[in-house]
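**Student:** output the structure for:
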Amino acid sequence: MAIRKLRRQVDPRIWWRYPPFMREAWARRAMVLFWVVLLTQAGIAGAILIVAQEQRTADTSSPTEDAPALAGKPEPPAPPPSLQGPRWIEDPHENEYGMQAVAAAGDRAAVILVDGTAKAYIPAGDTAAITLPRSMGARSWTLQAAELHHQTERWTWNENGWAGLSQVPDARGIAITFDGGWRADHAGEILKTLRAHDKQATFFLTGQFLKNHPETTRRIVAAGHEVANHTWSHPHLTTFEDNRQHRTRDEFDRHRLQWELLRTEQLFHRITGQSMAPMWRAPYGEINEEIEQWARELGYTHVGWTAQGSRDRSLDTLDWVSDPDHALFVSGTDMANQVIRLANSPDFSGGIVLMHLGGEDRPDPVHHHLGYMIRQLRKKDIPTVTVGQLLLNSDS
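**Tutor:** Here you go, the predicted model:
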């Protein structure tokens, strides 16, 4: 009954039936009720804020009973975590494939050395397995943190910052070297010429070259040539191309460089069953002391090429320049004569010639004059040797 009465009172359809004084009374009642509810809610909210503020003030201004004791006895620092060094997971042992070992690096990067030469780099917290063929005759295996330090010897740094083996004191001979990046266009003719003159050379090969030309790689090894490392992907290591300064590129660090070298050597093992010579050459000759040191931590010695400041005192044959109108182009005939002239200079010894196994077709290719260079050097009693023989001051 009360609900029905209230519905009749608020029904807008009958609201007009009420006299004006009754409508005004209902409006005043509604307005008073609205303000009462609003003020009540505001009072409750204000009281809650006051209580909360007083509580915060009491917590910050009044120390607890335990506070003086804690102030006099600070909490001791946590003990530092113990460092874990490298460890063998499987000691070096012989199996059906050869000599194998598995090691873990621990908290710091580690390196496995076989007969004093690093054969595997292990990043911190990682493990690595290494298998070497029996033909290597590995006797001594060492696992240690990758923090080796070596002194740079027999190196000159020219005005561009390139590292190159310009001269080896008291060393007789010229080492002819060939870089193999991706292509092997001239490899067959070069190997034939070297075989005809019974000469061995040094080949710096990338991992990509090994992957693309495994048979050519086996031919190089079978002929008794020296094979060294030219990184995996032939990358730019410094910013020289951008600003003419040899600053290490941001994307390269110790781990990336050593990965490039070790991955290449491991593929060479699988293809040939032999080890690379412990030498490497930076792509484009881009190197600095930091990069050279990272490679030396793995036992690698960097080998550049003879460059004594000016073009007419360089043994870089520039055989990669195919355009005759290019400022760096030198004909094969002129370059062969330059090599012979420099090698016969009184103040010259222990030079390294740079050539390539592949490249664009060019007029008068340099490798066509390889036999001529060898014959002329022999006439002048200047032996052509490998880089390893040159470093040993060999006269053979």
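**Student:** can you pull out the helices in the chain?
**Tutor:** In the chain, the helices defined using DSSP state H lie at 2-10, 12-15, 20-61, 67-72, 187-196, 207-212, 214-222, 240-243, 254-272, 289-296, 332-343, 370-379, 387-391.
**Student:** OK, contacts around Ala343?
**Tutor:** Ala343 makes contacts with Ile174, Gly351, Leu377, Lys380, Ile382, as judged by Cβ atoms under 8 Å, 6 or more residues apart in numbering. Every residue, glycine included, has its C-beta placed from N, CA and C.
**Student:** report pLDDT for the fourth one.
**Tutor:** Right, the one you point to is Lys380. Lys380 is assigned a predicted lDDT (pLDDT) of 91.
**Student:** re the thing from before, right, and the helices of the chain - which one's nearest Gln84?
**Tutor:** Proximity to Gln84 (Cβ to Cβ) singles out helix 254-272 among the helices of the chain, at 18.8 Å.
**Student:** may I see the PyMOL selection of the buried members of the contacts of Ala343?
**Tutor:** Burial among the contacts of Ala343 is assessed by 16 or more other Cβ atoms under 10 Å; the matching PyMOL selection reads:
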select buried, resi 174+351+377+382
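**Student:** and the contacts of Ala343, which two are furthest apart?
**Tutor:** That would be Gly351 and Lys380, which, of the contacts of Ala343, are the farthest apart (Cβ to Cβ) at 13.0 Å.
**Student:** picking that back up, out of the helices of the chain, the one nearest Arg313 is which?
**Tutor:** helix 332-343 (6.8 Å).
**Student:** buried residues in the closest one, which are they?
**Tutor:** Buried residues in helix 332-343, defined by neighbour count with 16+ other Cβ under 10 Å: Gly332, Met335, Ala336, Gln338, Val339, Ile340, Leu342, Ala343.
**Student:** with stretch 111-129 instead?
**Tutor:** By 16+ other Cβ under 10 Å, the buried positions in stretch 111-129 come out as 111-114, 117-124, 128.
**Student:** redo those as TSV? Include distance to Gln274 and pLDDT.
**Tutor:** Converted to TSV, the buried residues of stretch 111-129 look like this (distance: Cβ to Cβ, whole Å; pLDDT from 0 to 100):
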residue	distance to Gln274	pLDDT
Val111	20	78
Ile112	18	82
Leu113	18	78
Val114	13	77
Thr117	13	66
Ala118	16	66
Lys119	12	70
Ala120	16	72
Tyr121	20	70
Ile122	23	79
Pro123	26	74
Ala124	30	79
Ala128	20	79
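**Student:** filter these down to the ones in strands?
**Tutor:** Here DSSP state E is the test, and the buried residues of stretch 111-129 give Val111, Ile112, Leu113, Val114, Thr117, Ala118, Lys119, Ala120, Tyr121, Ile122, Ala128 as lying in strands.
**Student:** ok, the second one touching Leu132?
**Tutor:** Pointing back at Ile112 there. No - look at Ile112 against Leu132 with Cβ atoms under 8 Å: they stay out of range, at 9.9 Å.
**Student:** joint contacts of these two?
**Tutor:** When Cβ under 8 Å, 6+ apart defines a contact, the residues bordering Ile112 and Leu132 alike are Lys119.
**Student:** mean pLDDT lowest where, among the helices of the chain?
**Tutor:** Of all those, mean pLDDT reaches its minimum on helix 67-72 (a mean of 45).
**Student:** hang on, the earlier thing: relative to Thr272, which of the buried residues of helix 332-343 is nearest.
**Tutor:** Nearest to Thr272 among those: Val339, at 29.5 Å, using Cβ to Cβ.
**Student:** that closest one and Ala222: what is the separation?
**Tutor:** Applying Cβ to Cβ, to the nearest Å, the value for Val339 to Ala222 is 27 Å.
**Student:** contact partners for the nearest residue to His368 once chain neighbours are set aside?
**Tutor:** Closest residue in space to His368, ignoring its immediate chain neighbours: Gly332 at 5.7 Å, by Cβ to Cβ, 6 or more residues apart in numbering. Counting by Cβ under 8 Å, 6+ apart, Gly332 touches Asp319, Asp364, Pro365, Val366, His367, His368, His369.
**Student:** hang on, the fourth one packs against Met335?
**Tutor:** Which is Val366. Yes - shown here, Val366 and Met335 form a contact pair, counting by Cβ under 8 Å, at 5.3 Å.
**Student:** anything in contact with each of the two?
**Tutor:** Thr317, Leu318, Asp319.
**Student:** between those, which is nearest Thr272?
**Tutor:** Asp319 (25.8 Å).
**Student:** and the closest one, how many neighbours?
**Tutor:** Number of residues near Asp319 (other Cβ atoms under 10 Å) recorded here: 23.
**Student:** contacts only, for it.
**Tutor:** Contacts of Asp319 were listed using Cβ under 8 Å, 6+ apart, and they are Gly332, Met335, Met355, His356, Gly359, Arg362, Pro365, Val366, His367.
**Student:** may I see the residues you listed organised as CSV, with distance to Glu96 added?
**Tutor:** Listed next are the contacts of Asp319 as CSV, based on distance: Cβ to Cβ, whole Å:
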residue, distance to Glu96
Gly332, 50
Met335, 50
Met355, 41
His356, 39
Gly359, 42
Arg362, 49
Pro365, 46
Val366, 46
His367, 42
